[in-house]
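Trainee: Pasting the sequence and the predicted model now:
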Amino acid sequence: FLYTYIDIQHEADVSLVRNKLNEILQTKIPVTEEASMLLSLQPLIDIHLNSRIQNEWRANGDVKYVYMLLLTAALILLISVVNFVNLGIARSENRTKEIGIRQTLGISKDQLLVQLITENITAGILALVISVLLVETSQPLIVELFNESLELTSNEKIKLWMAIFPGVLLLMILTTIYPA
């Protein structure tokens, strides 16, 4: 089997290109009773998860498993967020005495809210740093177990941080304001 990659223009009709290639192939290698050839085209991004061609170089993945794992991760994240909010509510009930004393001493509600948000953001950033350290230190073990490299490019890391960091900040602010 021969795998060849061609780049066609975005506005090109794929079926027309495939038919033309097969016509050229038929003129060069005529069909016989023993053998025939047929070229097929597939988008490059579909090769790993959406390809169903026989005799691939490597076994293909299945996009269904990616979606199932993504859904599982989202559910775990949702459960952990709900749990964190519940812990925040329970913690705020334990701090009512402290908050009452601070208000008696003259702290304003805005100052109190800023203090609580700062404490929560600090805890969230600390948890984020610990989780990043855990991921980085466990990466060699994961590579050894699955025999796959999990390296991200610097551009991908920037995008990941731009998604995670604001999410953590938003979560910490919401878990502070919700019980208040």
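Mentor: Sure thing, it's come through. Numbering: from 1, shown residues only.

Trainee: going forward, measure contacts and count neighbours with C-alpha atoms only.
Mentor: Noted.

Trainee: What pLDDT does the model give Met169?
Mentor: For the record, residue 169 is Leu, not Met. Note on Leu169: pLDDT of 84.

Trainee: Report the contact partners of it.
Mentor: Ile121, Gly124 (C-alpha atoms under 8 Å, 6 or more residues apart in numbering).

Trainee: Report the separation between it and Ile99.
Mentor: 23 Å (C-alpha to C-alpha, to the nearest Å).

Trainee: Could you do Gly167 as well?
Mentor: If you go by C-alpha to C-alpha, the gap between Gly167 and Ile99 works out to 27 Å.

Trainee: same question, Ala127
Mentor: 25 Å.

Trainee: which one of those two has more residues nearby?
Mentor: Ile99 (16 against 13; other C-alpha atoms under 10 Å).

Trainee: what about the more buried one, which helix or strand?
Mentor: Counting by DSSP states H and E, the element that carries Ile99 is helix 96-104.

Trainee: which is the next helix or strand following that helix?
Mentor: Taking DSSP H and E, what comes next after helix 96-104 is helix 109-146.

Trainee: buried stuff in that next one?
Mentor: Leu116, Ile117, Asn120, Ile121, Gly124 (16 or more other C-alpha atoms under 10 Å).

Trainee: helices or strands next to that helix in the packing?
Mentor: helix 154-177 (3 or more C-alpha pairs under 8 Å, 6 or more residues apart in numbering; DSSP states H and E).

Trainee: orientation of the helix it packs on relative to helix 109-146 in degrees?
Mentor: 140 degrees (axes from the mean of the first three to the mean of the last three C-alpha atoms, to 10 degrees).
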